[in-house]
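Novice: Let me see the structure of the following:
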Amino acid sequence: TDKERSTQEAIDAILDGLNWLGLGGDEPPVLQSSRMGRHAQVAHELVQRGTAYLCPVTPEELQQRRDAAELLQKKKATDGSLSAEDAAKLDEFTRPFRSPWRDPAKPLPPSAATVVRLRMPDTGELTVVDHVQGKVSRKFADLDDLVLLRSDGTPTYMLAVVVDDHDMGVTHVIRGDDHFLNTFRQLPIYLGMGWPQPEYSHVPLIHGPDGKKLSKRHGATAVDEYRDVLGYLPEGMKNYLLRLGWSHGDDEIIPEAKAVEWFDLDGLNKAPARLDFAKLDSVNKHYMAEAAEERLFELLLSRPEMQGKTPEVMGRIRAALPVLKSRAANIVQLAEQARFLT
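Specialist: Numbering: from 1, shown residues only. As a prediction, the model looks like this:
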């Protein structure tokens, strides 16, 4: 639903990385942008069921509300306190948004552009039993009436992901724990439609060696960089990433067949894992030693440092691969090991 970031180039990069890792889908990918009609249909059905409503409040009015709250917070910080009237306003402005048009008896302004908002219950709480986070509850009063359908008819991510998961028969959602709070905003859509709820597992994000959230300052972040720049094999990367978020006793080398056999949700780690390139090298070195020499030779030929080498030089490197590959943790190191033959 994010049209600015959902470029064809970005889509191709994601699918290329998944396919390289051997994680391509059994069916073609489904783009949310191709299902907007279905998303809108569900939004309007929720309105008919009374679990959503049309709201004419504009983004500008919501921004005015946020700006007013910020001014009152600054005034409180400067003066040390607020009058009873201002304190009540601040409480209202910082509370989860409840539109006055959630009251079905309140008539809409004539010809007003409207969004579709989810009608959160006023009382009670929602409980999620997550395979990683455990049993967590949150009051409905702490959740805002989120927008499902924008005034131009386009769906929001919150609506689209729920509708697509339901329609595709998704039974288990495994995603980063930065989406955990979204679960409490998405489940009321399932409840409003009377749909079965999936099981959830929110795994911790990968951190850098310094314990902070992984970012570009820690080095490569895109999958193709690990392949094209750092020279890792897909089976090594997949094994390492599996062990970052899941464990099976003390096993470090877990081939794909064993991963399929052993994997269960109870093995998901609850603490954030740290990216450790030394460990990644150790795992990948195992797969380098097992890889066929012809495959490694083809990967070497694609390296920029190997361009322009004579057939005689490449022949010597090819002949030495059975020995060289056992000393290298990745294709970059393999090229360095072969330098003396050039």
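Novice: you'd agree residue 70 is in a helix?
Specialist: Yes - assessed by DSSP: H, G, I helix; E, B strand; the rest coil, residue 70 belongs to a helix.
Novice: Just give me the neighbour total for it.
Specialist: Residues lying near residue 70 (other C-beta atoms under 10 Å) number 13. Just so you know, the C-beta spots here come from the backbone N, C-alpha and C atoms, and that holds for glycine as well.
Novice: What does the pLDDT read for it?
Specialist: We have a pLDDT of 94 for residue 70.
Novice: swap in residue 219?
Specialist: So, for residue 219, pLDDT stands at 65.
Novice: Residue 20 is in contact with residue 223, correct?
Specialist: Yes - taking contacts as C-beta atoms under 8 Å, residue 223 lies within contact range of residue 20: 6.7 Å.
Novice: What distance do you get for residue 60 to residue 109?
Specialist: 15 Å (C-beta to C-beta, to the nearest Å).
Novice: Would you map the strands across the protein?
Specialist: Using DSSP state E, the strands found in the chain span residues 52-55, 115-118, 125-130, 134-139, 147-149, 172-176, 199-203.
Novice: show me what contacts residue 245?
Specialist: 203-204, 206, 268-269, 273 (C-beta atoms under 8 Å, 6 or more residues apart in numbering).
Novice: let's see it at 6 Å
Specialist: By C-beta atoms under 6 Å, 6 or more residues apart in numbering, the contact list for residue 245 reads 203, 269.
Novice: Out of the strands of the chain, flag the one nearest residue 87.
Specialist: Proximity to residue 87 (C-beta to C-beta) singles out strand 134-139 among the strands of the chain, at 21.6 Å.
Novice: What about residue 307, how many residues nearby?
Specialist: Neighbour tally, residue 307, other C-beta under 10 Å: 8.
Novice: mind checking how far residue 177 is from residue 156?
Specialist: 21 Å.
Novice: Helices of the chain, start to end?
Specialist: For the chain, applying DSSP state H gives helices covering 8-20, 36-49, 59-79, 84-94, 157-167, 180-193, 223-228, 234-245, 256-262, 277-290, 293-301, 311-324, 331-337.
Novice: would JSON lines of those helices with distance to residue 127 be doable?
Specialist: As requested, the helices of the chain are exported to JSON lines (distance: least, C-beta to C-beta, whole Å):
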{"stretch": "helix 8-20", "distance to residue 127": "33"}
{"stretch": "helix 36-49", "distance to residue 127": "22"}
{"stretch": "helix 59-79", "distance to residue 127": "29"}
{"stretch": "helix 84-94", "distance to residue 127": "25"}
{"stretch": "helix 157-167", "distance to residue 127": "18"}
{"stretch": "helix 180-193", "distance to residue 127": "9"}
{"stretch": "helix 223-228", "distance to residue 127": "36"}
{"stretch": "helix 234-245", "distance to residue 127": "25"}
{"stretch": "helix 256-262", "distance to residue 127": "30"}
{"stretch": "helix 277-290", "distance to residue 127": "37"}
{"stretch": "helix 293-301", "distance to residue 127": "50"}
{"stretch": "helix 311-324", "distance to residue 127": "57"}
{"stretch": "helix 331-337", "distance to residue 127": "49"}
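Novice: Nearest to residue 120, out of the ones you listed?
Specialist: helix 180-193 (6.3 Å).
Novice: List the contacts of the closest one.
Specialist: Counting by C-beta under 6 Å, 6+ apart, 46, 51, 118, 126, 128, 138, 146, 158, 162, 197, 200, 202 sit against helix 180-193.
Novice: Residue 177 and residue 156: which has the busier surroundings?
Specialist: Regarding residue 177 and residue 156, a neighbour count based on other C-beta under 10 Å identifies residue 156 as having more, with 19 against 16.
Novice: now that one, nearest residue through space, not along the chain?
Specialist: The shortest distance from residue 156 to any non-neighbouring residue, by C-beta to C-beta, 6 or more residues apart in numbering, is to residue 147 (5.5 Å).
Novice: what is the one you found paired to in the beta sheet?
Specialist: Here residue 147 sits in beta bridges with residue 117, as judged by DSSP bridges.
Novice: ok, it - contacts?
Specialist: With the criterion set at C-beta under 6 Å, 6+ apart, residue 147 makes contact with 115, 117, 156.
Novice: quick check, nearest of those to residue 249?
Specialist: Looking across the contacts of residue 147 and measuring by C-beta to C-beta, the closest to residue 249 is residue 156, at 42.5 Å.
Novice: For the closest one, give me the backbone phi and psi.
Specialist: Torsion angles at residue 156 (phi, psi; degrees, to the nearest 10) stand at phi -90, psi 160.
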